[in-house]
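Colleague: any chance you can model this:
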Amino acid sequence: MMSNLFSIFDPSTNIFFLSLNWISTIIGMMFIPYSFWFLPNRYYFMWSFISSKLHNEFKMLMGPNSFNGSTFIFISLFFFVLFNNFLGLFPYIFTSTSHLNLSLTLSLTLWLSFMIYGWINNTQHMFIHMIPQGTPSILMPFMVIIETISNIIRPGTLAVRLTANMIAGHLLLTLLGNSGMNLPNYLLFILILAQILLLILEFAVAIIQSYVITILSTLYSNEVN
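Modeller: Just a heads-up that it's a prediction; the model follows:
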């Protein structure tokens, strides 16, 4: 009997107090195409096609002032989150992106990097960004406070958005799956059909959430240039 429903998301599998659940985070490296020692195949061409599309979109969002090669950071982030979201849909594989330890580490690291770079190299631009254009003088102190708070909570909102979306679908699949043992046969068929539809929805959520966190990180980096 499960004492806590959310305990299914805890990395509790271990050997000699060494957590094995986080090994699933590096399983995604197995899906990287070995283009340097294998002949190019359809999988490699698909990987290159997606990477080039993401590069063009991130380059457009970051503007002409971005550094060459800076889009590869966000392309790597997209594939990393995408593979971890997908791997969590397989049985007995821990979904690392459903844990704040991973999602908050990613978002906080990126946000701190943007802030440190922006305040050191573009200090005046960062101060100007605190007050939107056309703000009345009497509202300027309040706008500075509001913009500062909204800027500080950005890494938290990025992490919670990814974690909550991944937990919600997995939790619903678990609840429906545990209720199948007490259902008659005709309702069991409906339950299996609902589980398949939810699994398809989770595949879409895995793609959308990896794209959302990457796009938002790109937009945040554009604000410091």
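
Colleague: can you pull out the helices in this protein?
Modeller: Using DSSP state H, the helices of the chain run over 42-62, 71-87, 100-121, 123-129, 140-152, 154-178, 185-222.

Colleague: any chance of a markdown table for the ones you listed, columns distance to residue 32?
Modeller: Every residue, glycine included, has its C-beta placed from N, CA and C. Shown next, in a markdown table, are those (distance: least, C-beta to C-beta, whole Å):
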| stretch | distance to residue 32 |
| --- | --- |
| helix 42-62 | 8 |
| helix 71-87 | 8 |
| helix 100-121 | 18 |
| helix 123-129 | 37 |
| helix 140-152 | 34 |
| helix 154-178 | 22 |
| helix 185-222 | 16 |
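
Colleague: which ones are touching the closest residue to residue 192 other than its chain neighbours?
Modeller: Nearest non-adjacent residue to residue 192, counting by C-beta to C-beta, 6 or more residues apart in numbering: residue 180, 7.9 Å away. Listed by C-beta atoms under 8 Å, 6 or more residues apart in numbering, the contact set of residue 180 reads 188, 191, 192.

Colleague: number of residues surrounding residue 55?
Modeller: 15 (other C-beta atoms under 10 Å).

Colleague: hmm, I typed the wrong one, I wanted residue 224.
Modeller: Around residue 224 sit 18 other residues, with neighbours defined as other C-beta under 10 Å.

Colleague: in this structure, where is pLDDT below threshold?
Modeller: 1-22, 33-40 (pLDDT under 70).

Colleague: going by neighbour count, list what's buried in stretch 139-153.
Modeller: residue 151 (16 or more other C-beta atoms under 10 Å).

Colleague: my bad, should have said stretch 120-136
Modeller: Of all the residues in stretch 120-136, those buried under the rule 16+ other C-beta under 10 Å are 122, 126.

Colleague: endpoints of that stretch, how far apart?
Modeller: 28 Å (C-alpha to C-alpha, to the nearest Å).

Colleague: residues making contact with that stretch?
Modeller: By C-beta under 8 Å, 6+ apart, stretch 120-136 touches 118, 119, 140, 143, 144, 147, 148, 223, 224, 225.

Colleague: that's all I had, so thanks and see you.
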